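Q: fold the following, please.
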Amino acid sequence: MLKDREVGSGPEGVGALEDRGVAASFAKVPTPGPPTASSAGTIGAPGRSAEAPTSRTKSGFGANKDAAKTKSGGRPIGYMLLFLTVIAAIVSMGIGRYPVPLADVVRILVSRVVPLPQQWPAIENTVVLNIRLPRILGALLVGGALAVAGASFQGLFRNPLVSPDILGVSSGASVGAALAILVSTATVMIQIWAFCFAMAAVGLTYFMGSRVKGNPTLSLILAGIAIESLFMALLSLIEYMANPQNQLPAIIYWLMGSLNAVTMGELTVAAVPIVAGIAVLLLIRWRINVVAMGEEEAMALGVDTKRLRALVVVCCTVVTAAAVCISGTIGWVGLVIPHIGRMLVGPNHKVLLPVTVLLGGSYLLIIDDIVRTVASVEIPIGILTAMIGAPFFLYLLSRGRWGWA
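A: Below you'll find the model as predicted:
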């Protein structure tokens, strides 16, 4: 039996395998060129066959170049993103229809910790603390949640096109919110119904996917596509039955996504499952590296892939459902941001997941600043994320810049 220090059943062992260039699922094999003398000698020489894959294959999750990139630049980039996120949040508190000087914003925030004589208008207290602070914190929380869920799903399913709603969480939340609006319940009930239906949709997806024999990952994705189509059909039926005077506009507006109605109380409730889910994903992020190398490799390293898959799915579902409850449907964040993170720090999830949290939060914060200042009427944030995310993703496709290949 191989010892733990030789194979590595923990984070250190996985890191050692990554540094040695273990081939992963997102490996890209270049088209071989004309044979050279050195390559011909290598192929024909006995005992050298194990070197050929190393020289021709680039691992998305374990190549030496990517490992060196992660070790050398991951931590400084993370600190820089954290600093920029804090600066962006402070600056955003002064941006809006009622501009607040940056010096007053800083004094208002400091006055909540250290008593200061009030030398600013009282209305600025209300604007900064009661209106903009919950909205800014909501943008950071929702953006980070969607981004880390997308990165975790892409690593778990070994698919670069996977987004947080691949298992039907967004469609389930949409049906729950639409039903709540249809029966004219309060805002808190809309959020509760959205969360419950989102969890039910993913639970149904996981149940159906687990009953299909064959590749468990592929079965789960296909079941998610089917369940999502079913819930979208139910959503269309609800929209058809809704009152076009008040209920239908409310449903459509919720589906487009917005942060303008977020309150500190709602944010506090939603932050509990979001922070808990992100914390668990950050604790097990090294195991996602193992699963991303393939089912057989993960099992050889002693990882229970079935339990790990279930844990990641539950955490990502809880995080996404809680985020969608307070913001509505916001697309493309969980699909595009993980690709940008890989381009910055490489595909190692030990560094990638914390970076995607910061990237997603700051990205959605900037988008929210734009939608509430660019026009006389606030634009739903989901529209702008799609208008920016889709062209950028097409640019990545055209340039072949995936971040792992």
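
Q: quick one: secondary structure of the residue most central in space within the chain?
A: The centroid of the chain falls nearest to A147 when counting by Cα atoms, centre = their mean (1.9 Å). Here A147 is helix, with the state taken from DSSP: H, G, I helix; E, B strand; the rest coil.

Q: quick one: it from R309, how far?
A: A147 sits 20 Å away from R309, going by Cβ to Cβ, to the nearest Å. From N, CA and C alone the C-beta is placed, and that goes for glycine too.

Q: backbone torsions only: list them for G346.
A: For G346, the backbone dihedrals (degrees, to the nearest 10) come out as phi 90, psi 180.

Q: quick one: mean pLDDT over the host helix or strand of T217.
A: Assigned by DSSP states H and E, T217 belongs to helix 216-241. Per-residue pLDDT values over helix 216-241 give a mean of 93.

Q: before we move on, what about stretch 118-133?
A: Taken as a whole, stretch 118-133 carries a mean pLDDT of 92.

Q: would you mark the buried spots in the helix holding T217?
A: Judged by neighbour count using 16 or more other Cβ atoms under 10 Å, the buried positions of helix 216-241 are 217, 219-224, 227-228, 230-231, 234-235, 238-239.

Q: for the record, mean pLDDT for whatever helix or strand comes next after it?
A: Per DSSP H and E, the first helix or strand lying C-terminal to helix 216-241 is helix 247-256. Averaged over helix 247-256, pLDDT sits at 94.

Q: what of stretch 323-337?
A: On average, stretch 323-337 scores 94.

Q: now it: buried residues?
A: Under 16+ other Cβ under 10 Å, the buried positions of stretch 323-337 are 323-337.

Q: so how far is the helix holding T217 from its chain's centroid?
A: For helix 216-241, the separation from the chain centroid amounts to 21 Å (computed by Cα atoms, centre = their mean, to the nearest Å).

Q: so which elements touch the host helix or strand of G361?
A: Applying DSSP H and E as the criterion places G361 in helix 349-371. Counting contacts by 3 or more Cβ pairs under 8 Å, 6 or more residues apart in numbering; DSSP states H and E, helix 349-371 packs against helix 64-92, helix 133-157, helix 264-283, helix 285-292, helix 333-345, helix 381-399.

Q: let's see the pLDDT reported for G155.
A: 92.

Q: what does the one 10 residues further on give?
A: The confidence metric pLDDT takes the value 91 at D165.

Q: confirm that it sits in a helix.
A: No. Read with three-state DSSP, D165 is coil and lies in no helix.

Q: picking that back up, distance check, the closest residue to the residue nearest to the centre of the chain other than its chain neighbours against V202.
A: Leaving aside its chain neighbours, A147 sits nearest to G360 (2.5 Å; criterion: Cβ to Cβ, 6 or more residues apart in numbering). Distance, G360 to V202, using Cβ to Cβ: 20 Å.

Q: repeat that for T385.
A: For T385, the distance to V202 - Cβ to Cβ - is 22 Å.

Q: thinking again about what came up before, so which of the helices and strands packed on helix 349-371 is nearest V110?
A: Checking the helices and strands packed on helix 349-371 against V110 by Cβ to Cβ gives helix 64-92 as the closest, at 11.0 Å.

Q: assumed V318 was part of a helix.
A: Yes. Per three-state DSSP, V318 lies within a helix segment.

Q: would you confirm that it contacts P273?
A: Yes. Contact criterion Cβ atoms under 8 Å: V318 and P273 qualify, at 4.9 Å.

Q: more neighbours: which of those two?
A: Neighbour count, other Cβ atoms under 10 Å: between V318 and P273, V318 has more, with 24 against 19.

Q: check contacts around the more buried one.
A: Neighbouring residues of V318 by Cβ atoms under 8 Å, 6 or more residues apart in numbering: M199, P273, I274, A276, G277.

Q: which of those are buried?
A: Buried residues within those, defined by neighbour count using 16+ other Cβ under 10 Å: M199, P273, I274, G277.

Q: farthest-apart pair in those, please.
A: Between any two of the buried ones among the contacts of V318 (Cβ to Cβ), the greatest distance is 13.9 Å, for M199 and I274.

Q: quick one: which of the buried ones among the contacts of V318 is nearest to M93?
A: Ranked by distance to M93 (Cβ to Cβ), these are led by I274 at 21.3 Å.

Q: look up phi and psi at G96.
A: phi 160, psi -170.

Q: okay, now it: neighbour count?
A: Burial of G96 is recorded as 16 neighbouring residues (other Cβ under 10 Å).

Q: pretty sure it is touching I370, no?
A: No. Assessed by Cβ under 8 Å, G96 is found out of contact with I370, at 11.6 Å.

Q: between the helices and strands packed on helix 349-371, which one is closest to W193.
A: Across those, closest to W193 is helix 264-283 (Cβ to Cβ), at 14.1 Å.

Q: quick check: angle from the closest one to helix 349-371?
A: Calculated by axes from the mean of the first three to the mean of the last three Cα atoms, to 10 degrees, helix 264-283 forms an angle of 150 degrees with helix 349-371.
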